[in-house]
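Enquirer: just need the structure, nothing else, for what follows:
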Amino acid sequence: MSIDLNALKEIIAASVFVVGLLSVLAPLSVINMSDTVFSIGNMMASGVLLSAGLVHQLPDSAKVLDADREEPAFPYATFITGMTFILLLIMEESIHLIFDGG
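Expert: Next up, the predicted model:
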């Protein structure tokens with residue numbers, strides 16, 4: 001039994017659409033249940049995105065930034081990533097101090 005390649009692609013595309021739709025609708029039902037559960041879900045999603053960026057994109061950017069030098073003297077990609085993370089952390093804490101009142 002063989003399935004047509006186009007039919008298989010249509011089944012996979014429909015499956016991806018359904019999973020994506022459920023992923024979009026899931027937080028809408030969770031936010032009404034509990035703020036804590038919604039916050040934990042946000043933290044988990046942020047961790048996944050942060051780790052994907054650090055694991056997959058940081059080594060590539062380090063190669064690009066160090067490509068024109070024979071001997072890399074300073075890890076610019078890692079430094080820029082760290083400074084950006086610290087800047088975003090400072091901005092977030094400042095916003096919490098300003099709008100939450102301390």
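Enquirer: break down this structure into its helices, ranges please.
Expert: Remark: helices assigned in the chain by DSSP state H are 5-33, 35-52, 58-66, 76-100.
Enquirer: would you point to the one among these that's packed deepest?
Expert: helix 58-66 (a mean of 14; mean count of other Cβ atoms under 10 Å). C-beta: built from backbone N, CA, C; applies to glycine.
Enquirer: okay, the angle between that helix and helix 76-100?
Expert: 120 degrees (axes from the mean of the first three to the mean of the last three Cα atoms, to 10 degrees).
Enquirer: turn the helices of the chain into CSV, including mean pLDDT.
Expert: Putting the helices of the chain into CSV (pLDDT from 0 to 100) gives the following:
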stretch, mean pLDDT
helix 5-33, 89
helix 35-52, 85
helix 58-66, 86
helix 76-100, 89
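Enquirer: measure the most centrally placed residue in the chain to residue 43 for me?
Expert: With distances taken as Cα atoms, centre = their mean, residue 49 lies nearest the centre of the chain, 1.8 Å away. The gap separating residue 49 from residue 43 is 11 Å, by Cβ to Cβ, to the nearest Å.
Enquirer: equivalent analysis for residue 17, please.
Expert: In terms of Cβ to Cβ, residue 17 sits 27 Å off from residue 43.
Enquirer: next one: residue 60
Expert: Taking Cβ to Cβ, one finds residue 60 at 26 Å from residue 43.
Enquirer: and if you look at residue 22?
Expert: For residue 22, the distance to residue 43 equals 20 Å [Cβ to Cβ].
Enquirer: the closest residue to residue 75 other than its chain neighbours: what's it in contact with?
Expert: Nearest residue to residue 75, sequence neighbours excluded (Cβ to Cβ, 6 or more residues apart in numbering): residue 62, at 6.8 Å. Contact analysis of residue 62 by Cβ atoms under 8 Å, 6 or more residues apart in numbering lists 75-78.
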